[in-house]
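>>> need a structure here:
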Amino acid sequence: IDAALAEGRTVYVHCYGGIGRTGTVVGCYLVRNGASGDEALATIAHLRRNIRQPHRHSPETSEQRDMVLAWHEGAARD
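The predicted structure is shown next:
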């Protein structure tokens with residue numbers, strides 16, 4: 001993500017369903033770049049407000065949301 005953005009390229013993040021893992025990766029990326037976990041989740045919700053299935057949350061599961069809320073640099077290694 002970082003390398004593509006640094007080159008001025010557009011980045012698309014998508015898993016099979018486009019909800020759970022996509023939201024988790026994007027949420028952790030936002031936290032890594034200065035947002036709080038709550039801000040990251042709010043940003044994702046705001047960006048998804050006009051989709052066809054607005055009732056589906058992203059990240060999808062409570063475990064995925066908890067990961068975004070607890071994320072910090074190096075968390076994958078902890």
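>>> Quick one: residues contacting residue 57.
19, 23, 45, 65 (C-beta atoms under 8 Å, 6 or more residues apart in numbering). Every residue, glycine included, has its C-beta placed from N, CA and C.
>>> Please tabulate those in JSON lines, including the columns neighbour count and secondary structure.
As requested, these are exported to JSON lines (neighbours: other C-beta atoms under 10 Å; DSSP: H, G, I helix; E, B strand; the rest coil):
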{"residue": "19", "neighbour count": "20", "secondary structure": "coil"}
{"residue": "23", "neighbour count": "27", "secondary structure": "helix"}
{"residue": "45", "neighbour count": "13", "secondary structure": "helix"}
{"residue": "65", "neighbour count": "21", "secondary structure": "helix"}
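>>> Test my guess that residue 59 contacts residue 18.
No. Applying C-beta atoms under 8 Å, one finds residue 59 not in contact with residue 18, separated by 11.4 Å.
>>> With neighbour numbers in mind, choose between the two.
The residue with more neighbours, out of residue 59 and residue 18, is residue 59; 25 against 16, by other C-beta atoms under 10 Å.
>>> Any regions of the protein where pLDDT drops low?
53-55, 73-78 (pLDDT under 70).
>>> Would you map the helices across it?
Under the criterion DSSP state H, helices of the chain are mapped to 2-6, 20-32, 37-47, 62-70.
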